[in-house]
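Participant: Model the structure of this input:
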Amino acid sequence: MPGRSGPARRRAHRRRRRCRRRRSCRVPRPRFSPLDARNGYGPVEGPIGACRGGPISDFLQLDPDRAPAKGLTTWLAEGLRAAIIAGRLSPGARLPATRRLAAELEVSRGVVVDAYQRLVDEGLAAARTGAGTTVIASPAPMSPPSDRRHALAGLQLPLPPAEGIDIDLSPGVPDLAAFPRTQWLRAERTVLDEVTSADLGYGDPGGSPRLRAELAGWLARTRGVRADPDDVIVVGGVAQALALLAQTLYAAGTREAAVEDPGSRGARDQMTHWGVRPCPVPVDDEGIRVADIEQDVTLLTPAHQFPTGVVLSPARRRALLNRGGLVIEDDYDAEHRYDRAPVAALQGSAPDHVAYAGSVSKSLAPGMRLGWLIAPRRMQPELLAAKHDSDLGNPALPQLVLARLLANGDYERHLRHVRDRQRRRRDALLAGLRAHLPDAQVTGVAAGLHLLIMLPGGPDDEVLARRAAQTGVLVHPLSWHRLTPGPPGLVLGYAAHAPDRLAEAAALLGRAFRP
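Facilitator: Numbering: from 1, shown residues only. Now for the predicted structure:
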């Protein structure tokens, strides 16, 4: 238009665009045939948006062509609300700037501002000057949870609310502050300097050859395990080892396995999930009662029984191996010992009858998801196939770094350092229990990362656990780990806390259990 400046022409152009939108005068969109759609060119239906020829935002694939002529604000607000409910926008997620989203959708900024305000009014989002609009809550979905979620809910321990707990003495939690960051970083840099393209590709589902070789040698030296490198399967922790074994056993017709009672609830859950029913066998001062086992498969923790801490006696070791069948040996806490000599793995005495599993979850960190499984050779093809079907194999770099730490001795030095730390923590908790709970019977103190206390003549252990929680200390009732009734007790993990905190926890427990 003659005589108008550049800014004036732009303002006039924007007014004309707003006018066209108010009249719903949009440019017709091209239509696509079903063949176009199958080839990826046509509309793709979705919960919020679709792939069409008009303005579609990358954010949630919002398509304004789906909105009614006079309902853009409602359409946008409902789309955002649906994304929050579905979990596509989680609490803390920041919504796009109003100007940017309006430009992407070719709508007025007021439409976006009003839609955001509706979310704020509903308590789903918060707007702060200079910080934009952020999702702050997710409403509960209206549909009932799936059967799978119901099943998982049944596996959860009835823990008290986390906000009321000051000192968490749950067993199985290692000293994560002791993770060897410097050594790991140094080894990782060396690995990255030396790694080949083949190392980073799809490899053997059994794991990195370097790590398998290092593990075979290290386990032979420290645990008496008899295995060639090819016998070692690298797994995502003992949990995956048990899952692979349970799948393989179920496929071969096994429907039951003997387990320790009390014993590891997580191990039982793995077997149950894959169709193998755990059958409880009592544990006493010599470990599992081998004479009571009726099943062909036995799952146990012979080096440091969870949760009692007893060691399987030599006589019962012989009886267990002589009865035949398959023994699944979870080498739980074997590397954490203080006042007793190491106990060799069962696998070294009968490699054709023992499936041996271990991990670095307690020595390094559970988040590493690195472990090993050494099974009888007749089972290895099926186990490797199950591992391949599960995840194609563990990530390569962590395997290579662990192999480096084993080769240069850093892992062994780290274990010695961790043992010293854990011994001091155990001693602090023991001293506190003697001072504040002098009548308690304490077992399982010579090794591991937890201990068991029994209070003769005391109330139900779940009552005691609730009393402890009221003082800010979380402990596990022994009954949580049983399949059949038995004497009450409390399982206390000490690895994750400094000595002064453990002394404080003992004092709080003494106050909670005082008559």
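Participant: Show me how this protein divides into domains.
Facilitator: With domains defined by automatic domain parsing, the chain comprises 6-135, 162-177+414-513, 182-408.
Participant: export those domains to a markdown table and tack on mean pLDDT and mean neighbour count?
Facilitator: For glycine as for every other residue, the C-beta is placed from the backbone atoms N, C-alpha and C. Converted to a markdown table, those look like this (pLDDT from 0 to 100; neighbours: other Cβ atoms under 10 Å):
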| stretch | mean pLDDT | mean neighbour count |
| --- | --- | --- |
| domain 6-135 | 69 | 15 |
| domain 162-177+414-513 | 92 | 18 |
| domain 182-408 | 95 | 19 |
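Participant: what's residue 335 in contact with, if anything?
Facilitator: Shown in contact with residue 335 (Cβ atoms under 8 Å, 6 or more residues apart in numbering): 222, 362-363, 415, 419.
Participant: Could you do residue 349 as well?
Facilitator: The contact partners of residue 349, taken as Cβ under 8 Å, 6+ apart, are 317, 321.
Participant: Give the full set of residues in contact with residue 212.
Facilitator: Counting by Cβ under 8 Å, 6+ apart, residue 212 makes contact with 206, 229-230, 232, 234.
Participant: Any chance of those in a markdown table with distance to residue 212 and secondary structure as columns?
Facilitator: Shown next, in a markdown table, are the contacts of residue 212 (distance: Cβ to Cβ, whole Å; DSSP: H, G, I helix; E, B strand; the rest coil):
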| residue | distance to residue 212 | secondary structure |
| --- | --- | --- |
| 206 | 7 | coil |
| 229 | 4 | helix |
| 230 | 7 | helix |
| 232 | 4 | strand |
| 234 | 7 | strand |
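Participant: any chance you could map the strands in the stretch 51-200 of the chain?
Facilitator: With DSSP state E, counting those that start in this stretch, the ranges of strands along the stretch 51-200 of the chain come out as 125-128, 132-135, 167-168.
Participant: got TSV for those, with distance to residue 116 too?
Facilitator: Putting those into TSV (distance: least, Cβ to Cβ, whole Å) gives the following:
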stretch	distance to residue 116
strand 125-128	7
strand 132-135	5
strand 167-168	39
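Participant: Any idea which of those gets closest to residue 87?
Facilitator: Using Cβ to Cβ as the criterion, the shortest distance between residue 87 and the strands of the stretch 51-200 of the chain is 10.6 Å, found for strand 132-135.
Participant: Give me the helices and strands touching that closest one, please.
Facilitator: For strand 132-135, the packing partners by 3 or more Cβ pairs under 8 Å, 6 or more residues apart in numbering; DSSP states H and E come out as helix 109-121, strand 125-128.
Participant: Throw the ones you listed into JSON lines and include distance to residue 505, thanks.
Facilitator: Converted to JSON lines, the helices and strands packed on strand 132-135 look like this (distance: least, Cβ to Cβ, whole Å):
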{"stretch": "helix 109-121", "distance to residue 505": "43"}
{"stretch": "strand 125-128", "distance to residue 505": "38"}
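Participant: hang on, the earlier thing: so which of the contacts of residue 335 comes closest to residue 298?
Facilitator: Set against residue 298, the nearest of the contacts of residue 335 by Cβ to Cβ is residue 362 (22.6 Å).
Participant: contacting residues for the residue nearest in space to the middle of the chain?
Facilitator: In the chain, the C-alpha nearest the mean C-alpha coordinate belongs to residue 367, at 7.2 Å (Cα atoms, centre = their mean). By Cβ under 8 Å, 6+ apart, no residues touch residue 367.
Participant: Helix, strand or coil: sort out it for me.
Facilitator: Of the three states, residue 367 takes helix under DSSP: H, G, I helix; E, B strand; the rest coil.
Participant: partners of the strand ranked longest in the chain, with directions?
Facilitator: The single longest strand within the chain, with elements called by DSSP state E, is strand 277-284. According to DSSP bridges, strand 277-284 has the following sheet partners: strand 256-261 (parallel), strand 287-288 (antiparallel).
Participant: going on from the helix of greatest length in the chain, what's the next piece of helix or strand?
Facilitator: Longest helix in the chain by number of residues (criterion: DSSP state H): helix 410-436. Next along the chain after helix 410-436, taking DSSP states H and E as the criterion, comes strand 441-443.
Participant: Give the other helices and strands that that following strand contacts.
Facilitator: The contact analysis (3+ Cβ pairs under 8 Å, 6+ apart) places strand 441-443 against strand 450-454.
Participant: Determine the set of other helices and strands touching the next helix or strand along the chain from the strand it packs on.
Facilitator: For strand 450-454, the following helix or strand on the C-terminal side (DSSP H and E) is helix 461-470. With contacts taken as 3+ Cβ pairs under 8 Å, 6+ apart, helix 461-470 sits against strand 476-477, strand 490-493, helix 499-513.
Participant: Excluding its own residues, what touches the longest one? List them.
Facilitator: Contact partners of helix 499-513, identified using Cβ under 8 Å, 6+ apart, comprise 167, 169, 424-425, 427-429, 431-433, 435-437, 455, 458, 464, 467-468, 470-473, 475, 492, 494, 497.
Participant: and if you look at the first one?
Facilitator: Contacts with strand 476-477, where a contact means Cβ under 8 Å, 6+ apart, come from 157, 169-171, 307, 460-462, 464-465, 488-492.
Participant: How about residue 206: what's its closest non-neighbour residue?
Facilitator: Setting aside the residues directly before and after it, residue 206 is nearest to residue 233 in space (Cβ to Cβ, 6 or more residues apart in numbering), at 4.8 Å.
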